[in-house]
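Enquirer: I would like to see how this sequence folds:
(4 chains)
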2 protein chains.
Amino acid sequence: MHTTTLHRPTHRETLWELEAAIERGDLITVFGRCTVDYDGRATSTLGPGNRLVILKPDGSTLVHTDEKRTPVNWQPPGCEHHASVRDGRLRVRGTRTTPDETLDIHFEQVHQFSALDVTGGRDLDLYGSEEDLREHILDDPSLVESGFTPLETERESTAGPMDIYGEDAEGVPMVVELKRRRVGPSAASQLQRYVEALHREFGDSVAVRGVLVAPSVTDRAADLLKENGLEFVALDPATGEPPEATEASEEVEPPEASEDADGDEPKEADSETDGSDG
Amino acid sequence: MHTTTLHRPTHRETLWELEAAIERGDLITVFGRCTVDYDGRATSTLGPGNRLVILKPDGSTLVHTDEKRTPVNWQPPGCEHHASVRDGRLRVRGTRTTPDETLDIHFEQVHQFSALDVTGGRDLDLYGSEEDLREHILDDPSLVESGFTPLETERESTAGPMDIYGEDAEGVPMVVELKRRRVGPSAASQLQRYVEALHREFGDSVAVRGVLVAPSVTDRAADLLKENGLEFVALDPATGEPPEATEASEEVEPPEASEDADGDEPKEADSETDGSDG
DNA sequence: GCCTAGGTCCCGTCT
DNA sequence: AGACGGGGCCTAGGC
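Expert: Numbering: from 1, shown residues only, chains lettered A, B, ... in the order given. All right, here's what the predicted structure looks like:
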């Protein structure tokens, strides 16, 4: 474990250690007064100020001010770092291709330079993702609806891959779109695209159900679902159960008919598509 | 301009300077061997390793490994930082509400601690955004189509605000959706939602046109546009002109009835600062 | 390489 | 506060 630190170094000193640290594969931090120029997918300039610059050995570059989680300027992994001294200023340049992008940081003064041997596990164990929600449902498909049978995940369609494809107790095809958090209009449209794709695939005479599974839904998204004859089931991604203390599940479709009231009532999945494609 | 730096400090020393730095409103960096536990919208754990931790005075918290632009763990602005020493480990905790979230960082050893007086401009001057594209079009509506008349931006509808609302040469209502980059299916759906909202507003007997303006469009999005009778116009957000060397504008709708008036466009833009050298 | 969609997305803006 | 959409989004997984 090594760390190299310079306090108020000259640009020449910084340049020397910078190149050595890049060579070693260290993570570098530079605290100093600088300006930043970016040119690529967009263009930006940032006036002088004291900022923390981070150069990672994978080419990532971050320029942080005293605010926000998001760096004020950056470069994603894969860029090449180059440093030089010109006109009395230290220039750190990060360039990459696809797309062509350049980030130039000009230091008027470096207050502190550090090279850090950042090592160890990078993969975190995360729980509560959409994938966890999917696994809950595949473990117990009745979470979506009694009689639901998943047939395929990531099933391809002309509109893209659908999260879960299956059929209900009557054998009607179902598309299930999963979201780990409260959903807005875009999720309703996404589900609608998949349903339309299946309609084109199977023909309009075949009924297709679309079900959005998420912890909750906004009013506008609920309206959108209703307009398109889509359904909603409230489930929490972490527990796989309905979220606590909300009647959100009633917003679009009261689920019930789970286990007690068997399924004698006809499920009438044919009341959809009231002219949305026209 | 002050910077406080400790090398291989004891946890007690770190704790002392940490609290002083938080009090001062400094940006703090801690490099050390740590584990990280997150609980909030999701849950995660990260095993031991040497990482760079950043605590910003606005409450932002970042845990960086040697890879990626995105921190492996984080807390957005607004969280409260608390440090303590327990069981021989330094614990830095960040908590926030709405939603309730906690990030715990346990340091087994701190290799370096720094408190930095990060100051100066935070607002960058950025060019090439969707807003710039909108201004290009409002300056010269014929960029969309000869005879196009913008009437309102951010016009409200039941589906949300549309980027530009206006009418064509024949007085037919038009919704224009702008994107600064190549668009996929979601942008086509978004435009479709706005068009449907206007159909509900005006009645189905009134024709409504939907136009997507972006530098380019994916095949699938182009299909979606076609299915829904929507149109596409290729424009670059930075220049306001059609992107170079593509016939993307033909992908969906060949722009008929507008080509006669554009013979005298000023071809500027030689002023690109090509600072690339060797 | 492009496309598609998820994300503890973050973030601004407006209701 | 919640909602909605933009972002130089980033990142992962297919093809």
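
Enquirer: Surely residue A:60 and residue A:80 touch.
Expert: No - using CB atoms under 8 Å as the test, residue A:60 is too far from residue A:80 to be in contact (11.6 Å). C-beta: built from backbone N, CA, C; applies to glycine.

Enquirer: neighbour-wise, which of those two wins?
Expert: Neighbour count, other CB atoms under 10 Å in any protein chain shown: between residue A:60 and residue A:80, residue A:60 has more, with 24 against 12.

Enquirer: Ramachandran coordinates for that one?
Expert: When quoted as degrees, to the nearest 10, the phi and psi of residue A:60 stand at phi -60, psi 140.

Enquirer: Same check on the one 3 residues further on?
Expert: In terms of degrees, to the nearest 10, the main-chain angles of residue A:63 are phi -120, psi 120.

Enquirer: Now do the same for the closest residue to residue A:161 other than its chain neighbours: its pLDDT.
Expert: Distances taken as CB to CB, 6 or more residues apart in numbering or on different chains place residue A:154 nearest to residue A:161, at 4.4 Å, with adjacent residues excluded. Turning to residue A:154, the model gives it a pLDDT of 96.

Enquirer: Just the element for residue A:154, please.
Expert: Using DSSP states H and E, residue A:154 sits in strand A:149-155.

Enquirer: For that strand, which helices and strands make contact with it?
Expert: Counting contacts by 3 or more CB pairs under 8 Å, 6 or more residues apart in numbering or on different chains; DSSP states H and E, strand A:149-155 packs against helix A:130-139, strand A:162-167.

Enquirer: give the contact list for the closest residue to residue A:38 other than its chain neighbours.
Expert: Excluding its sequence neighbours, the residue lying closest to residue A:38 (CB to CB, 6+ apart) is residue A:44, at 4.5 Å. For residue A:44, the contacting residues are A:36-38, A:73, B:124-127, by CB atoms under 8 Å, 6 or more residues apart in numbering or on different chains.

Enquirer: now these: which count as buried?
Expert: For these, a neighbour count by 16 or more other CB atoms under 10 Å in any protein chain shown gives the buried set as A:36-38, A:73, B:124.

Enquirer: returning to what we had before: pick the most buried one from the helices and strands packed on strand A:149-155.
Expert: Burial of these is given as mean neighbour count (mean count of other CB atoms under 10 Å in any protein chain shown); strand A:162-167 ranks first at a mean of 22.

Enquirer: now it and strand A:149-155, what's the angle there?
Expert: Relative orientation of strand A:162-167 and strand A:149-155, computed by axes from the mean of the first three to the mean of the last three CA atoms, to 10 degrees: 150 degrees.

Enquirer: Strand A:162-167 vs helix A:130-139, what angle?
Expert: Using the same axes, to 10 degrees: strand A:162-167 against helix A:130-139 is 10 degrees.

Enquirer: can you tell if strand A:162-167 touches DNA strand C?
Expert: Yes - contact of strand A:162-167 with DNA strand C is found when judged by CB under 7 Å from any atom of the strand, involving residue A:163.

Enquirer: What helices and strands are in contact with that strand?
Expert: helix A:130-139, strand A:149-155, strand A:173-178.

Enquirer: where does chain A have low pLDDT?
Expert: A:245-278 (pLDDT under 70).

Enquirer: Dump the C-alpha coordinates for the longest helix seen in it into CSV.
Expert: Secondary structure of chain A read by DSSP state H shows that its longest helix is helix A:185-202. Taking C-alpha atoms only, helix A:185-202 is exported to CSV below (Å, rounded to 0.1, in the frame of the first residue of the first chain):
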residue,chain,number,x,y,z
PRO,A,185,-46.0,7.4,-18.5
SER,A,186,-42.9,6.0,-20.2
ALA,A,187,-43.3,2.6,-18.6
ALA,A,188,-46.9,2.4,-19.7
SER,A,189,-45.8,3.3,-23.3
GLN,A,190,-43.1,0.7,-23.1
LEU,A,191,-45.6,-2.0,-22.2
GLN,A,192,-48.0,-0.8,-24.8
ARG,A,193,-45.2,-1.2,-27.5
TYR,A,194,-44.8,-4.8,-26.5
VAL,A,195,-48.5,-5.5,-26.6
GLU,A,196,-48.8,-4.0,-30.0
ALA,A,197,-45.8,-6.1,-31.2
LEU,A,198,-47.6,-9.2,-30.1
HIS,A,199,-50.8,-8.1,-31.8
ARG,A,200,-48.9,-7.7,-35.0
GLU,A,201,-47.2,-11.1,-34.4
PHE,A,202,-50.4,-13.0,-33.5
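
Enquirer: Residues contacting it, please?
Expert: The contact list for helix A:185-202, computed with CB under 8 Å, 6+ apart, reads A:157-160, A:162, A:173, A:175, A:177, A:179, A:206, A:208-212, A:214, A:217-218, A:220-221, A:224-225, A:228, A:230, A:272-273, A:276-277, B:159-160, B:185-186, B:189-190, B:192-193, B:224, B:227.

Enquirer: ok, the closest residue in space to residue A:63 that isn't next to it in sequence - contacts?
Expert: Using CB to CB, 6+ apart and skipping residues adjacent in sequence, the residue nearest residue A:63 is residue A:73, 4.1 Å away. Residues in contact with residue A:73 (CB under 8 Å, 6+ apart) are A:36, A:38, A:44, A:46, A:61, A:63, A:103, A:105, B:124.

Enquirer: Return the subset of those lying in strands.
Expert: Among these, the residues falling in strands (DSSP state E) are A:36, A:38, A:44, A:46, A:61, A:63, A:103, A:105.

Enquirer: of those residues, closest to DNA strand D?
Expert: residue A:38 (4.3 Å; CB to the nearest atom of the strand).

Enquirer: Quick check: bridge partners of the closest one?
Expert: residue A:44, residue A:103 (DSSP bridges).

Enquirer: ok, for the residue of the stretch 101-250 of chain A found nearest chain B, nearest residue in space, not its chain neighbours?
Expert: For the stretch 101-250 of chain A and chain B, the shortest gap (CB to the nearest CB) falls at residue A:120, measuring 2.0 Å. Leaving out its chain neighbours, the residue that sits closest to residue A:120 by CB to CB, 6+ apart is residue B:49, at 2.0 Å.

Enquirer: got the residues of the stretch 101-250 of chain A near DNA strand D?
Expert: So far as CB under 7 Å from any atom of the strand goes, the stretch 101-250 of chain A lies against DNA strand D at A:101, A:103, A:156, A:182, A:184-186, A:218-221.

Enquirer: show me the contacts for residue A:120.
Expert: Residue A:120 touches B:33, B:47-51, B:65, counting by CB under 8 Å, 6+ apart.

Enquirer: among those, which ones are buried?
Expert: Judged by 16+ other CB under 10 Å, buried ones among those: B:33, B:49-51, B:65.

Enquirer: out of those residues, which are inside strands?
Expert: Members of the buried ones among the contacts of residue A:120 lying in strands (criterion: DSSP E): B:33, B:49-51.
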